[in-house]
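Novice: Turn this into a model:
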Amino acid sequence: MNKELIFLRTFAATAAISSSFLFFSSFKGNGNQQFETIDVQRINIVEADGTVKLILTNSGLFPNGTEKINGRPTNINRKKRAGMLFYNEDGIECGGLIYDGEKKENGHSAGLSLTFDQYDGDQVMQLLTTDSQQGDERYVSSSLVFNDRPANESQEKTAEIMQELAGLRKSDPEAFKKKYAEYQSQELIGGAPRIMLGKSRSQNNGLFLFDDRGMPRAMFYLDKNNNPKLEAFDQNGNVTSSWPENN
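Specialist: Predicted coordinates for the structure are as follows:
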């Protein structure tokens with residue numbers, strides 16, 4: 001009886017080891033593996049040296065907070081959303097695709113954003129759509145936006161500055177304004193939209209141009225009643241000319 005037990009235990013152990021070997025060895029080859037369906041919460045696409053180049057993730061594992069990617073901190077306050085993030089050869093985030101949508105108590109909220117960043121900075125191009133409804137009121141806006149970014153900004157420095165300014169905003173609003181202007185003059189923070197092509201929240205469809213402060217300076221669009229309009233503005237937002245003149 002003892003000999004039979006020893007034999008069965010040896011057989012079971014050998015079978016387990018053999019199964020494990022076959023399972024893991026099937027993934028060691030250089031050939032491509034083929035699957036019909038894969039259910040996964042997050043995939044990190046990496047280079048041979050381990051540098052993350054692309055992340056595809058659900059909302060729960062979206063990187064933020066204390067998680068680091070390529071040894072760099074992630075955005076602490078960024079909302080978790082399903083999507084993907086792009087990283088350049090230096091391991092710095094350089095854009096991404098995020099989306100969401102859900103029913104609210106009296107409507108819904110949905111959106112999608114595809115962005116491409118300035119090197120070690122924030123977005124310089126964005127494809128954006130938002131759809132929100134509250135009761136009988138629904139607003140849909142879809143646009144392609146081009147932005148100017150500060151010449152000296154960096155993602156890590158910007159995060160430090162934003163934390164500092166957040167504290168000042170609550171404790172000393174005047175000091176906040178002074179410090180913000182100081183960092184802006186050093187081209188460490190700021191930036192402004194320059195071109196928007198698409199539908200505005202006012203349901204105007206057209207081309208919208210902004211100056212380097214982000215102030216609207218020219219618009220050519222069809223309004224929600226399909227009337228064509230061309231407008232120009234001064235630096236304070238006052239209309240300087242418009243077409244047709246009778247509008």
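
Novice: Counting neighbours, what do you get for residue 126?
Specialist: By other C-beta atoms under 10 Å, 19 other residues sit near residue 126. Where C-beta positions appear, they are placed from N, C-alpha and C, glycine not excepted.

Novice: er, residue 210 I mean
Specialist: Counted by other C-beta under 10 Å, the residues lying close to residue 210 total 21.

Novice: wait, residue 222 sits on residue 207?
Specialist: No: judged on C-beta atoms under 8 Å, residue 222 makes no contact with residue 207 at a distance of 10.7 Å.

Novice: What residues does the residue positioned nearest the centre of the chain make contact with?
Specialist: With distances taken as C-alpha atoms, centre = their mean, residue 96 lies nearest the centre of the chain, 5.0 Å away. Contact analysis of residue 96 by C-beta atoms under 8 Å, 6 or more residues apart in numbering lists 83, 84, 85, 86, 114, 115.

Novice: Using a markdown table, lay out those residues together with neighbour count, pLDDT and distance to residue 234.
Specialist: Shown next, in a markdown table, are those (neighbours: other C-beta atoms under 10 Å; pLDDT from 0 to 100; distance: C-beta to C-beta, whole Å):
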| residue | neighbour count | pLDDT | distance to residue 234 |
| --- | --- | --- | --- |
| 83 | 19 | 97 | 40 |
| 84 | 16 | 97 | 42 |
| 85 | 22 | 97 | 40 |
| 86 | 18 | 98 | 39 |
| 114 | 18 | 98 | 33 |
| 115 | 20 | 97 | 31 |
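
Novice: I'd like those residues as CSV, with distance to residue 156 and secondary structure appended.
Specialist: Shown next, in CSV, are those (distance: C-beta to C-beta, whole Å; DSSP: H, G, I helix; E, B strand; the rest coil):
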residue, distance to residue 156, secondary structure
83, 22, strand
84, 22, strand
85, 16, strand
86, 18, strand
114, 24, strand
115, 18, strand
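
Novice: Looking at those residues, spot the one nearest residue 161.
Specialist: Within the contacts of residue 96, the smallest distance to residue 161 is 20.3 Å, found for residue 115 (C-beta to C-beta).

Novice: okay, the closest residue to the closest one other than its chain neighbours: pLDDT?
Specialist: Nearest residue to residue 115, sequence neighbours excluded (C-beta to C-beta, 6 or more residues apart in numbering): residue 123, at 4.1 Å. Note on residue 123: pLDDT of 95.

Novice: for residue 136, same thing?
Specialist: pLDDT, residue 136: 91.

Novice: Residue 169 should be in a helix, yeah?
Specialist: Yes: assigned with DSSP: H, G, I helix; E, B strand; the rest coil, residue 169 falls within a helix.

Novice: what about the residue nearest to it when sequence neighbours are not counted, neighbour count?
Specialist: Spatial nearest neighbour of residue 169, chain neighbours left out: residue 176 (4.6 Å); criterion: C-beta to C-beta, 6+ apart. By other C-beta under 10 Å, 17 other residues sit near residue 176.
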